[in-house]
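Undergrad: Pasted the sequence and its predicted model underneath.
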Amino acid sequence: MAFRLIGWREYLFPAPSTIGRSFVDMLSLSPAFGGRPMLWAPLVSLVRLIVGFAISMAVGGLLGLAMWRFAALDRFLGPLFLGFQTLPSVCWVPLGILLFGINERGILFVLVMGSAFAVAIALRDGLSVIPPLYQRAGLMLGARGWRMYRYVLLPASMPALAGSLRQGFSFAWRSLMGAELLFHAVRWHGLGFLLQAGRDYSDVAQVVAVMIVMIGIGMAADRFGFARLQERVQARFGLV
Amino acid sequence: MSSTPSVSVTATPSPAGLTGVGVYDVINGSRAKAADNVPRGRLTMSGVCKSFRGSPTAVLDNVALEMHPGEFVVVVGPSGCGKTTLLNIAAGMARPDRGHVALDGRPIEGPGPDRAMVFQDHALFPWLNVSQNISFGLRMAGFSRAERDEHVEVALRMVHLQGSARKLPHELSGGMKQRVAIARALVMNPSLLLMDEPFAALDAQTRTLMHEQLQELWLQTRKSILFVTHSVGEAVRLADRIIVLSAHPGRIRREIRVDLAHPRRFDSPDISELARQVRKEIEDEVNRVNAQATVDFWKPEPPADMGGPAGLLGDGI
């Protein structure tokens, strides 16, 4: 209603009803999309996200652990990683294309580069706020070597880690969307491709609809995944 | 576990059977049956020196201490006298610069479950519930779940916390937390129990209650206990022997043997008289330290506009 009263032109800013139609289109089979419903796109994006975020956690986790363990490494890498974080993740796209070509590995490269350093920094910070008392208590009770990491340091860093996972995830999601937007000539089409396609065909309704889906997935993962994890950890530790 | 059928924990579930926790020797992680008739817990320290970088005087200077198995030794002294450092050295958390430290003839080279420590801030793991906290050390030593459960149950009964097994540390009161910490230490069947001002953060009533319970536990288990505190009342109530440390450098200033029968009441005349003596000893030491520190003690100048006699106050209104 408000939309019709203001009288925006349909091709510049779509009516909610047009966006709704665009959603319906996404659910139906699309010949332009290899005969699959465009609903396929978010699934492609999610698979990439899960794979990429897992790599990111592994790489970032190891780096963060090493930085926490070896102060010299931290002095060298810490400022560097903080510097990397000021770089928007799409800036890794040209390097990804040159190193890996326009393919899945290129996309994963951008995703990992966009989020691994955030995970590393967050894990290092999480470990460094663990009260030394827990380590002493662990040693006293015979937690040596890997047991110290597995049974004392990892659980003790959970409150910080849950927050950093949450942040790392949103970094990863943003990087992925940026990467898909630019890597649109790959075999599997993700949400970023749909966004770009909407632009190419001047289909404002589709652009807005895809953006809503992107935000929706990000919010859902945060609200029902990571925020819940964080709340549970905090409740367990008695921090709330 | 079939090789050790005489698990007296299950055989004697009464609180009096708590010495039976000690059927396993968890030092070095071995499950060999410990010879219960050989008393354990002889701590020997000789010529222990320790100084920290940037400090001119030694924290500990040539400290020698010999603890007999089953003895309750309390170390008191002014703050900064190296009480906690002494305890950390016994625990293996800190290494002496010089000197020899051994437990039952074995040199102490690092922290281990044979010297369990109760920290001032309880140091319970907040992500584990009460029984998980207590069984943590057994888990690290490779005990099976069934064995752990048995030991934990006995330990819970020992500190009167059967009803709180599933609670998380943040749901407990300060006294309860400290009791869990004691149970967590005792369940390891240590040769020596180290306690670092364990009741300092508790309110007076709880502390008195904890003293009673600790004496009770000690009489039952007859562990050697090295206990650090700044409270003289606590020292005379609990100790077989009180060691008064001096500060800067930390030396043993005096040893006081307490030959009063356990359990003791904190308000008995003997205890009061002894407390007076020890307190005097510590006060002298504190005064000595303060005298050193106050050689050029700065005093603020009285402000010029408040120099008049008190009788003039309010005249200007």
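TA: Yep, that arrived. Numbers count the residues shown, from 1 in each chain, chains lettered A, B, ... in the order given.

Undergrad: Any stretches of chain A with poor pLDDT?
TA: A:1-15, A:26-39, A:240 (pLDDT under 70).

Undergrad: So which residue is smack in the middle of it?
TA: Residue closest to the mean C-alpha point of chain A, counted by C-alpha atoms, centre = their mean, is residue A:172 at 2.1 Å.

Undergrad: contacting residues around that one?
TA: Applying C-beta atoms under 8 Å, 6 or more residues apart in numbering or on different chains to residue A:172 gives the contacts A:49, A:52, A:53, A:56, A:111, A:114, A:115. In short, each C-beta sits where N, CA and C put it, glycine included.

Undergrad: Which residue is the nearest non-sequential neighbour of residue 165?
TA: The chain I'm using is chain A. residue A:226 (5.7 Å; C-beta to C-beta, 6 or more residues apart in numbering or on different chains).

Undergrad: could you do chain B instead?
TA: In space, residue B:165 is closest to residue B:131, 4.3 Å off (C-beta to C-beta, 6+ apart).

Undergrad: Run through the residues that contact the closest residue to chain A within the stretch 51-200 of chain B.
TA: In the stretch 51-200 of chain B, no residue comes nearer to chain A than residue B:170, which is 2.6 Å away by C-beta to the nearest C-beta. Contact analysis of residue B:170 by C-beta under 8 Å, 6+ apart lists A:237, A:238, B:126.

Undergrad: so which of these comes closest to residue A:192?
TA: residue A:237 (37.8 Å; C-beta to C-beta).

Undergrad: burial count for the closest one?
TA: 18 (other C-beta atoms under 10 Å in any protein chain shown).

Undergrad: quick one: the helix ranked longest in chain A to chain centroid distance?
TA: In chain A, with assignment by DSSP state H, the single longest helix is helix A:40-69. Offset of helix A:40-69 from its chain centre (C-alpha atoms, centre = their mean, to the nearest Å): 8 Å.

Undergrad: Show me what counts as buried in it.
TA: By neighbour count with 16 or more other C-beta atoms under 10 Å in any protein chain shown, helix A:40-69 contains the buried residues A:40-42, A:44-46, A:48-49, A:52-53, A:55-57, A:59-61, A:63-65, A:67-68.

Undergrad: Get me the contact residues on chain A for chain B.
TA: When proximity is defined as C-beta under 8 Å from any C-beta of the partner chain, chain A approaches chain B at A:133-134, A:136-137, A:139-144, A:147, A:151-152, A:155-156, A:158, A:236-238.

Undergrad: which residues touch residue B:69?
TA: Residue B:69 neighbours (C-beta under 8 Å, 6+ apart): B:39, B:40, B:41, B:42, B:222, B:224.

Undergrad: and the helix or strand following the longest helix of chain A, which residues are buried?
TA: Next along the chain after helix A:40-69, taking DSSP states H and E as the criterion, comes helix A:71-86. Going by neighbour count (16+ other C-beta under 10 Å), the buried part of helix A:71-86 is A:74, A:77, A:78, A:81, A:84.

Undergrad: Excluding chain neighbours, give the residue nearest to the fourth one in space.
TA: The reference is to residue A:81. Nearest non-adjacent residue to residue A:81, counting by C-beta to C-beta, 6+ apart: residue A:117, 4.2 Å away.

Undergrad: The one you found: how many residues sit nearby?
TA: Counted with other C-beta under 10 Å, residues neighbouring residue A:117 total 25.

Undergrad: try residue B:259
TA: Neighbour number of residue B:259 under other C-beta under 10 Å is 8.

Undergrad: Could you look up the SS state of it?
TA: Assigned with DSSP: H, G, I helix; E, B strand; the rest coil, residue B:259 falls in the coil class.

Undergrad: give me phi/psi at it?
TA: phi -100, psi 30 (degrees, to the nearest 10).

Undergrad: who wins for neighbours among the contacts of residue B:69?
TA: Using other C-beta under 10 Å as the neighbour test, these are led by residue B:224, with 26 neighbours.

Undergrad: quick one, what contacts that residue?
TA: Residue B:224 touches B:40-43, B:67-73, B:191-193, counting by C-beta under 8 Å, 6+ apart.

Undergrad: again, 10 Å this time
TA: Residue B:224 makes contact with B:39-43, B:67-73, B:103-104, B:115, B:190-194, B:218, B:240, according to C-beta atoms under 10 Å, 6 or more residues apart in numbering or on different chains.

Undergrad: hey, what's it bridged with?
TA: Beta-bridge partners recorded for residue B:224 (DSSP bridges): residue B:192.

Undergrad: Could you report the separation of it from residue B:191?
TA: Distance from residue B:224 to residue B:191, counting by C-beta to C-beta, to the nearest Å: 7 Å.

Undergrad: Could I get the contacting residues of the residue in chain A sticking out farthest from the centre?
TA: Largest separation from the mean C-alpha position in chain A: residue A:140, at 39.3 Å (C-alpha atoms, centre = their mean). The neighbours of residue A:140, taking C-beta under 10 Å, 6+ apart as the test, are B:91-93, B:111-113, B:115-119, B:123, B:137, B:184-185, B:188, B:190, B:194.

Undergrad: Residue B:252 and residue B:241 touch, don't they?
TA: No: contact criterion C-beta atoms under 10 Å: residue B:252 and residue B:241 do not qualify, at 11.2 Å.

Undergrad: Which residue does chain A have closest to chain B?
TA: residue A:238 (2.6 Å).

Undergrad: what's near enough to touch that residue?
TA: Per C-beta under 10 Å, 6+ apart, neighbours of residue A:238: B:126, B:168, B:169, B:170, B:171, B:172.

Undergrad: Can you select the buried ones from the residues you listed in PyMOL?
TA: Per 16+ other C-beta under 10 Å, the buried members of the contacts of residue A:238 correspond to this PyMOL selection:
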select buried, chain B and resi 126+168+169+172
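
Undergrad: Identify those among the contacts of residue A:238 that sit within strands.
TA: Secondary structure from DSSP state E places none of those in strands.

Undergrad: can you redo the contacts of residue A:238 as JSON lines with distance to residue B:228 and pLDDT?
TA: Listed next are the contacts of residue A:238 as JSON lines, based on distance: C-beta to C-beta, whole Å; pLDDT from 0 to 100:
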{"residue": "B:126", "distance to residue B:228": "24", "pLDDT": "92"}
{"residue": "B:168", "distance to residue B:228": "28", "pLDDT": "92"}
{"residue": "B:169", "distance to residue B:228": "23", "pLDDT": "91"}
{"residue": "B:170", "distance to residue B:228": "26", "pLDDT": "91"}
{"residue": "B:171", "distance to residue B:228": "28", "pLDDT": "91"}
{"residue": "B:172", "distance to residue B:228": "23", "pLDDT": "91"}
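
Undergrad: helices or strands next to the longest helix anywhere in chain B in the packing?
TA: Identified as the longest helix of chain B according to DSSP H is helix B:269-293. Applying 3 or more C-beta pairs under 10 Å, 6 or more residues apart in numbering or on different chains; DSSP states H and E, one finds that helix B:269-293 contacts strand B:72-76, helix B:232-238, strand B:241-246, strand B:251-257.

Undergrad: average model confidence for that helix?
TA: Per-residue pLDDT over helix B:269-293 has a mean of 77.

Undergrad: Also stretch B:130-148?
TA: 91.

Undergrad: now stretch B:154-167
TA: Per-residue scores along stretch B:154-167 average to 88.

Undergrad: buried residues in that stretch?
TA: B:154, B:155, B:156, B:158, B:159, B:161, B:164.

Undergrad: would a markdown table of these with distance to chain A be doable?
TA: A markdown table is the format used below for the buried residues of stretch B:154-167 (distance: C-beta to the nearest C-beta, whole Å):
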| residue | distance to chain A |
| --- | --- |
| B:154 | 17 |
| B:155 | 13 |
| B:156 | 17 |
| B:158 | 17 |
| B:159 | 17 |
| B:161 | 18 |
| B:164 | 14 |
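
Undergrad: quick one: which of those residues is nearest to residue B:272?
TA: Taking C-beta to C-beta as the measure, residue B:272 lies nearest residue B:159 of the buried residues of stretch B:154-167, at 28.8 Å.
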